[in-house]
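Asker: I need the structure of the sequence given here:
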Amino acid sequence: MQQKVLDGRYELERKIGEGGMARVYVARDMRLNRRVAVKIPHQRFVGDPDFLSRFRHEAQAAAMLSHPNIVDVYDVGQDGDIHYIVMEYVEGTDLKTLIMREAPLPIETVVAIGEQIALGLQAAHRAGMVHRDIKPQNVIVTPDGQAHISDFGVAKSHLSTALTETGVSFGTVDYLSPEQAQGRPALPQSDIYALGVVLYEMLTGRLPFSGDNAVAVAMKHVTEEPLPPRRLNPHIPPGLESLVLRAMAKDPARRPASALEFAQLLRGYDRLAQQDTVVNSGLGPRPAPAPQPRLGSAPPPQPRPAPPQPRPTAGGTTGRVSMPAPRTAPARAPRQEGLGCGVFLVGMLVLAGVLGIVVLLNSGALNGLFSGLFTGGGPARATAVVLPTAEPTPTGEPSPTPDERVAVPDLSGLSGPLADSTLRTIQLIPVRRDASDATVPAGQVVSQEVPPGSLLLPGEPVTYTVSLGPQLVTVPQVEGAQLSFARQQLEGLGLAVVVDEQPSRTVTAGFVISQSPAPGLRLPAGETVRIVVSVGDVIRFPDVIGLDRAEAETILSSTPGLELVFVDVQGSDRLPNFDAYRPNEVVSAQIENGPGLNNGDRIPRGSRVILGVREP
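Answerer: Residues are numbered from 1 along each chain as shown. Presented below is the predicted three-dimensional model:
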């Protein structure tokens with residue numbers, strides 16, 4: 001593009017970037033003598049009034065943002081058919097270039113950049129704005145490591161991808177949240193999802209999803225789980241991996257509640273790894289706990305040399321039956337003459353004991369004894385259930401072996417600490433999660449992943465969820481936003497919206513004048529937010545139709561913003577139902593060279609009014 005000066009002030013120097021909707025130039029502000037960046041939409045959008053309206057309005061809204069991690073917007077204007085936005089010029093490299101050149105990036109760099117982006121997003125979200133197109137191309141990193149989010153000034157009405165299909169340019173769906181891919185409104189959590197994808201790419205050098213076309217990639221965001229990044233880069237700390245995958249949860253409610261919370265979690269990600277890590281992270285099947293010696297039992301016997309391999313059972317699993325090793329022939333003692341009395345007596349006692357056990361087994365007495373011991377005591381009493389197994393004894397005969405498994409108790413309705421102690425009492429590992437629930441009181445267990453009565457080995461985890469009570473959402477700042485945007489933000493958080501209309505001489509029609517409750521207040525989902533929306537600089541037409549002429553003239557003359565310019569006296573030749581009206585009664589009103597009026601209509605300030613009156 002040849003050098004051009006916009007509005008006699010911004011001298012374009014060279015193009016520094018181009019996307020699907022606009023080009024960006026570095027320019028010189030000749031009035032303030034400083035470098036700026038100027039964004040100009042592509043020519044094909046010049047004839048789209050809706051696009052240009054959003055372009056101007058969202059640029060003005062972005063100009064209200066001021067944060068170290070957001071590119072400042074200085075000005076928005078038009079020079080002939082060229083519309084433009086003037087922004088802060090940041091000397092640096094876009095994050096996509098850094099990823100392609102250096103990924104995987106160092107852990108410290110990833111965390112620092114991610115935290116800065118999250119803090120910038122928090123400032124935007126507090127102002128009622130959702131970026132909707134967070135991607136590395138829209139993040140500029142300075143040589144000293146400062147991250148700046150750009151491209152707040154253009155409405156994101158298209159998917160954003162590098163792919164071009166049948167002549168149609170899309171945006172990158174590589175960072176698109178599942179709710180956006182499904183056509184639902186973008187939320188602040190949508191930006192958090194996109195930031196999670198950016199972190200994933202910085203850590204691995206790869207995107208989590210790829211496909212032959214934009215639609216295929218978008219559907220993977222909706223339906224597929226990403227490959228855990230530690231499988232691509234084992235140097236990633238587990239706590240950081242867990243946080244990235246949480247940000248990329250399909251359900252927005254399972255992501256960090258705000259960009260500020262995400263920034264704080266990134267700052268302390270290393271502490272996450274020190275917390276309970278028994279939850280299966282998806283990196284593969286959880287290893288079975290090492291066998292524990294049974295309390296009160298003798299140390300396990302040393303393995304015999306070269307034992308035969310166990311045989312599969314009928315169910316396809318490996319049974320515990322094993323063949324005893326062949327006996328070795330004992331060394332023969334020197335032959336004695338006679339057994340001796342002591343040996344004879346011991347032999348008789350052993351024989352009597354064996355015969356007694358046989359009689360008890362045949363009578364069922366032992367079965368009753370075991371049944372009485374293990375049928376009446378709740379979950380913890382199941383820890384000593386004896387199941388017959390064929391573990392060989394020193395004599396080669398099978399004997400019962402205790403089953404070490406314990407029965408999982410029913411945790412529903414318990415408090416979180418009580419559920420924890422209940423599980424620890426029977427040597428199971430409690431894994432607590434918290435979630436909002438509108439029906440279960442805060443602090444009580446909502447659900448558990450392992451059903452009650454299931455048998456687990458000691459040391460295995462049981463995950464349960466404790467209610468946080470009704471979900472609380474932070475009321476966003478929507479004052480100054482367009483009604484449709486404000487409604488989308490509030491309803492997207494589960495809040496009800498009531499709209500009141502009010503004239504305003506300062507706020508454009510269709511934009512929010514005020515809101516109640518104030519932004520930043522936390523409310524249960526389903527609560528109502530009332531917003532007052534401008535209907536423009538209008539006034540209410542007084543209730544003069546039906547009054548006498550003199551009274552109507554007095555009211556109109558005392559109404560600011562209205563001017564009575566003519567009274568049209570109408571006879572029976574011009575007034576239908578002439579006899580239904582009183583003499584000098586006001587029968588109609590209209591704006592001069594404009595539409596007819598009814599009592600209470602809103603009309604532009606400064607309107608010139610004509611009254612119709614029945615003749616005396």
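Asker: give me the number of residues near Val76?
Answerer: Val76 has 20 neighbours, counted by other C-beta atoms under 10 Å. Every residue, glycine included, has its C-beta placed from N, CA and C.
Asker: Surely it is within a strand?
Answerer: Yes - judged by DSSP: H, G, I helix; E, B strand; the rest coil, Val76 forms part of a strand.
Asker: Could I get the average pLDDT for stretch 585-602?
Answerer: Mean per-residue pLDDT for stretch 585-602: 93.
Asker: Please state the offset of that stretch from the chain centre?
Answerer: Computed by C-alpha atoms, centre = their mean, to the nearest Å, the separation of stretch 585-602 from the middle of its chain amounts to 52 Å.
Asker: Just the buried positions in that stretch, please.
Answerer: Buried residues in stretch 585-602, counted by 16 or more other C-beta atoms under 10 Å: 585-591, 597.
Asker: What lies in contact with it?
Answerer: Contact with stretch 585-602 is made by 503, 535, 538-549, 552, 565-566, 570, 575, 581, 603, 607-614, as judged by C-beta atoms under 8 Å, 6 or more residues apart in numbering.
Asker: first to last residue in stretch 430-450, what's the distance?
Answerer: With C-alpha to C-alpha, to the nearest Å as the measure, stretch 430-450 spans 11 Å from end to end.
Asker: before we move on, what about stretch 516-535?
Answerer: Chord length of stretch 516-535, first to last residue, is 18 Å (C-alpha to C-alpha).
Asker: Let's test this: name the helix or strand in this protein with the lowest mean pLDDT.
Answerer: Ranking every helix and strand in the chain by mean pLDDT, DSSP states H and E puts strand 168-169 at the bottom, with a mean of 31.
Asker: Tell me which residue is most central in the protein.
Answerer: Against the mean C-alpha coordinate of the chain, by C-alpha atoms, centre = their mean, the closest residue is Pro252 at 2.6 Å.
Asker: contacting residues around the nearest residue to Gly606 once chain neighbours are set aside?
Answerer: Residue nearest to Gly606 in three dimensions, not counting chain neighbours: Gly561, with 5.9 Å by C-beta to C-beta, 6 or more residues apart in numbering. Residues in contact with Gly561, defined by C-beta under 8 Å, 6+ apart, are 539, 605-607.
Asker: How is the protein divided into domains?
Answerer: Domain assignment for the chain, taken from automatic domain parsing, gives 5-88, 93-272, 406-464, 472-534, 538-614.
Asker: what's the nearest residue to Ala442 if we skip its chain neighbours?
Answerer: With C-beta to C-beta, 6+ apart as the criterion, Ala442 has its nearest non-adjacent residue at 3.5 Å, and that residue is Gly469.
Asker: hang on, the one you found in a helix?
Answerer: No - using three-state DSSP, the assignment for Gly469 is coil, not a helix.
Asker: list the contacts for it?
Answerer: Neighbouring residues of Gly469 by C-beta under 8 Å, 6+ apart: 436-437, 441-442.
Asker: rerun that using 7 Å as the cut-off
Answerer: Gly469 makes contact with 436, 441-442, according to C-beta atoms under 7 Å, 6 or more residues apart in numbering.
Asker: now these: which count as buried?
Answerer: Neighbour-count burial (16+ other C-beta under 10 Å) applied to the contacts of Gly469 gives Ser436.
Asker: Thr172 and Lys96, how far apart?
Answerer: 10 Å (C-beta to C-beta, to the nearest Å).
Asker: Now render the contacts of Gly469 as CSV, adding distance to Gly480 and secondary structure.
Answerer: Shown next, in CSV, are these (distance: C-beta to C-beta, whole Å; DSSP: H, G, I helix; E, B strand; the rest coil):
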residue, distance to Gly480, secondary structure
Ser436, 30, coil
Pro441, 39, coil
Ala442, 35, coil
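Asker: how deep is the residue lying closest to Glu91 once chain neighbours are set aside tucked in, by neighbour count?
Answerer: Nearest residue to Glu91, sequence neighbours excluded (C-beta to C-beta, 6+ apart): Thr142, at 6.4 Å. Number of residues near Thr142 (other C-beta under 10 Å) recorded here: 12.
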